[in-house]
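Enquirer: Sequence first, then the predicted structure:
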Amino acid sequence: DMLTVLNDIPFSIPPYFALLARAVITLEGLALSADPDYGLVLEAYPFVARKLLSSDRPELQRALQEVLYGGGDPSLKGVVTPTRLSAL
């Protein structure tokens, strides 16, 4: 069923994106074979956070604030939750 839907919808991935994704998946596979507890997202988070913080684009800074301060929960506005921080 999924293949039928994908064939009906004109969707394509740019070649450079496909190559980048393939490289990341390959590197993560190699890292996981050496260390099963390795997490690409955890390793990349400091780099991504620095990029978001150094950007002059307000929408990127808001995205980082959502990640750090609990997302869309209005009761947690402006509060860094320990569980969320430890998950990052």
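Expert: Yep, that arrived. Model, not experiment: these values are computed from the prediction.

Enquirer: alpha carbons only for contacts and neighbour counts from here, please
Expert: Noted.

Enquirer: which helix in the chain runs the most residues?
Expert: Ranked by residue count and defined by DSSP state H, the top helix of the chain is helix 15-34.

Enquirer: Run a quick neighbour tally on residue 52.
Expert: 19 (other CA atoms under 10 Å).

Enquirer: cool, and residue 49?
Expert: The tally of other residues near residue 49 (other CA under 10 Å) stands at 18.

Enquirer: what's the spacing between the residue nearest the centre of the chain and residue 3?
Expert: By CA atoms, centre = their mean, the chain has its centre lying nearest to residue 41, at 6.4 Å. Using CA to CA, to the nearest Å, residue 41 is found at 29 Å from residue 3.

Enquirer: cool, and residue 47?
Expert: According to CA to CA, residue 47 stands 36 Å off from residue 3.

Enquirer: And for the longest helix of the chain, what's in contact with it?
Expert: Outside helix 15-34, the residues that touch it by CA atoms under 8 Å, 6 or more residues apart in numbering are 38, 40.

Enquirer: chain center to it: distance?
Expert: Centroid separation for helix 15-34 versus its chain: 15 Å, with CA atoms, centre = their mean, to the nearest Å.

Enquirer: Residue 47 and residue 3: which is more packed in?
Expert: Neighbours per residue, other CA under 10 Å: of residue 47 and residue 3, the larger number sits with residue 47, 11 against 7.

Enquirer: what about that one, which helix or strand?
Expert: In the assignment (DSSP states H and E), residue 47 maps to helix 40-54.

Enquirer: got the angle between that helix and helix 15-34?
Expert: Comparing the axes of helix 40-54 and helix 15-34 via axes from the mean of the first three to the mean of the last three CA atoms, to 10 degrees yields an angle of 130 degrees.

Enquirer: looking just at contacts, which helices and strands does helix 40-54 meet?
Expert: Applying 3 or more CA pairs under 8 Å, 6 or more residues apart in numbering; DSSP states H and E, one finds that helix 40-54 makes contact with helix 58-68.

Enquirer: The helix it packs on - what's its average pLDDT?
Expert: Helix 58-68 shows a mean pLDDT of 76 in the predicted model.

Enquirer: I'm done for today, thanks for sticking with me.
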